[in-house]
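> okay, here's the prediction I keep looking at, along with the sequence it came from:
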Amino acid sequence: MLNRIFKLRENNTTVKTEVVAGITTFMTMAYILAVNPSILADAGMDSTAVLLATCLASFLGTACMAFMANLPFALSAGMGLNAFMAYTVVQGFGYSWQVALFAVFVEGVIFILLSLTNVREAIFNAIPMQLKNAVSVGIGLFIAFIGLQNSGLCVANSSTLVSFISFTENFKSVGISALLAVVGTGLTAILYIKRVKGSILIGILATWVLGMLCQLAGLYVPNAELGCYSLYPTFAMTDFTKLSETFGQCFNLDFKGVGIFNFIVVIFSFLFVDLFDTLGTLIGVSTKANMLDENGRLPKIKSALMADAVATTAGAVLGTSTTTTFVESSAGVAEGGKTGLTSFTTAVLFLVSMFFAPIFTAIPSFATAPALIIVGFLMFSNITELKITEENYTSAIPAYITIIAMPLFYSIAEGISLGVISYVVINLVCKKYKEISPIMYILAVLFVLKYIFL
């Protein structure tokens, strides 16, 4: 039955491979169950309610991806978009979180309409193959950077913005965590080189177990002030009645003090970031997984985008910020995931996590960091597809800008934006008009306007 639904033989994969890939994707994404409630709690929302809404929205969106598109991509509340809602829209603009959720709901409805009219698919297809390869490479650097941050190896520095951790300072908390991440990265790399099935998942679990052993031996000491908590999972049950505090609240509105222009700006801010984060993730992961056809198109892109739009709309009703396709899906793809069975496995785990959320949220970020770092390398290896020569500098330079912008500006959307603008400008100046599709002109203008007005 699974073969008939997900076309496993046709995609040259097995149930075991797909399930392991789905578990791996979930393990690399599980941090969202702890992070999203924490961020949205700063907007005045109940953290347990947000956790339940996140689990349900993730299950719904990822299941839609599995059955509508048969692709191994998982969805959950987008990082960055949740921070934008909590700290900019609610705390900055002074809107209620109900109004912010309504803006997310409106954005989702607009996305559904755009998906029905093929606008998002046309944008995906209009982006040149050179830039698509660059997006994959840029995402590789981006998620590796996230992994380095999650590991504690990369820390903030007032003079150089980022720097390497000092292991001797707070060694029994952040220091040992970073060291365990290094060990986990080395272990994961060796297992992957030796082609051990489930190497990335094994790396996550092994690093977590090593951490628990260190805590048992007194080498790791929890310190909440430094963001280091107990590594042992708890077995408390979740209070499901809390969901009523956010469910349907996006329609419980009070627009007092909300200017119509500012509200429209908020909607389009959500719309822009979600659109190009999703497109960037789909481009990057599908490019690395060799899912694009000879014309650089993803055959099931329309269904994938519709699943994303439905998830965003449903997530707003449930009570969470924008639900979007996660770049961590690349971890499952790296484990061999090729079909919707991968994403369905991840979806089921999100649903199960409602009952055992305290266990999943105990997975420390330093344990998932090695997976992100290694997957970053795997996606970065796509740089060989750029094939840079003097004849293609007009596309190679925009590709380079796309690659460096993603990690340095901490945004997939910014990388695509700057890549498209530079591509159009450089080809125009060099009089290579035939290289630019009409949609690329429109995108470039919209991106420039975005920087002026948003």
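On my side now, so go ahead. Numbering: from 1, shown residues only.
> look up how far A289 lies from S76.
Using Cβ to Cβ, to the nearest Å, we find S76 at a distance of 19 Å from A289. In this view, the C-beta of every residue, glycine as well, is placed from N, C-alpha and C.
> what mean pLDDT does the longest helix seen in the chain have?
Secondary structure of the chain read by DSSP state H shows that its longest helix is helix 260-288. Averaging pLDDT along helix 260-288 gives 77.
> next secondary structure after that helix?
Moving toward the C-terminus from helix 260-288, the next helix or strand (DSSP states H and E) is helix 301-318.
> so in that sheet, which strands flank the very next helix or strand once past that next one, and in what orientation?
Toward the C-terminus, helix 301-318 is succeeded by strand 323-325 as the next helix or strand (DSSP H and E). In the sheet, strand 323-325 lines up against strand 75-77 (antiparallel) (DSSP bridges).
> quick one: distance of the strand it pairs with to the chain centre.
7 Å (Cα atoms, centre = their mean, to the nearest Å).
> would you map the strands across the chain?
Secondary structure of the chain (DSSP state E): strands located at 75-77, 154-157, 161-164, 323-325.
> which strands or helices does the third one pack on?
Looking back up the chat, that one is strand 161-164. strand 154-157 (3 or more Cβ pairs under 8 Å, 6 or more residues apart in numbering; DSSP states H and E).
> residues contacting the strand it packs on, please?
Residues outside strand 154-157 that contact it (Cβ atoms under 8 Å, 6 or more residues apart in numbering): 145, 148, 162-165.
> follow-up on the earlier one: weakest of the strands of the chain in terms of mean pLDDT?
strand 323-325 (a mean of 89).
> follow-up on the earlier one: and the strands of the chain as TSV, adding mean neighbour count and distance to K302?
Output for these, formatted as TSV (neighbours: other Cβ atoms under 10 Å; distance: least, Cβ to Cβ, whole Å):
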stretch	mean neighbour count	distance to K302
strand 75-77	31	16
strand 154-157	13	38
strand 161-164	10	39
strand 323-325	29	14
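> any chance of those in a markdown table, with distance to N12 too?
Conversion of those to a markdown table gives the following (distance: least, Cβ to Cβ, whole Å):
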| stretch | distance to N12 |
| --- | --- |
| strand 75-77 | 25 |
| strand 154-157 | 38 |
| strand 161-164 | 41 |
| strand 323-325 | 23 |
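> out of those strands, which comes closest to I193?
For I193, the closest of the strands of the chain is strand 154-157, at 24.0 Å, according to Cβ to Cβ.
> quick one: the closest one to chain centroid distance?
22 Å.
> one more: stretch 63-82?
Remark: stretch 63-82 is offset 9 Å from the chain centroid, using Cα atoms, centre = their mean.
> what about the closest residue to M68 other than its chain neighbours, how many residues close to it?
Once flanking residues are discounted, M68 sits nearest to S303: 4.4 Å by Cβ to Cβ, 6 or more residues apart in numbering. The criterion is other Cβ atoms under 10 Å. On that basis, S303 has 19 neighbouring residues.
> please apply the same query to A224.
Neighbour tally, A224, other Cβ under 10 Å: 9.
> equivalent analysis for M212, please.
Residues lying near M212 (other Cβ under 10 Å) number 17.
> swap in T88?
Using other Cβ under 10 Å, T88 is surrounded by 14 other residues.
> model confidence for the residue most central in space within the chain, exactly?
By Cα atoms, centre = their mean, the chain has its centre lying nearest to F326, at 2.9 Å. What the model reports as pLDDT for F326 is 86.
> surely the residue nearest to M68 and A66 touch.
No - between S303 and A66 there is no contact under Cβ atoms under 8 Å: 10.5 Å.
> still on that earlier bit, relative to K338, how far out is the residue nearest to M68?
Taking Cβ to Cβ as the measure, S303 falls 16 Å from K338.
> with that, I have no additional questions.
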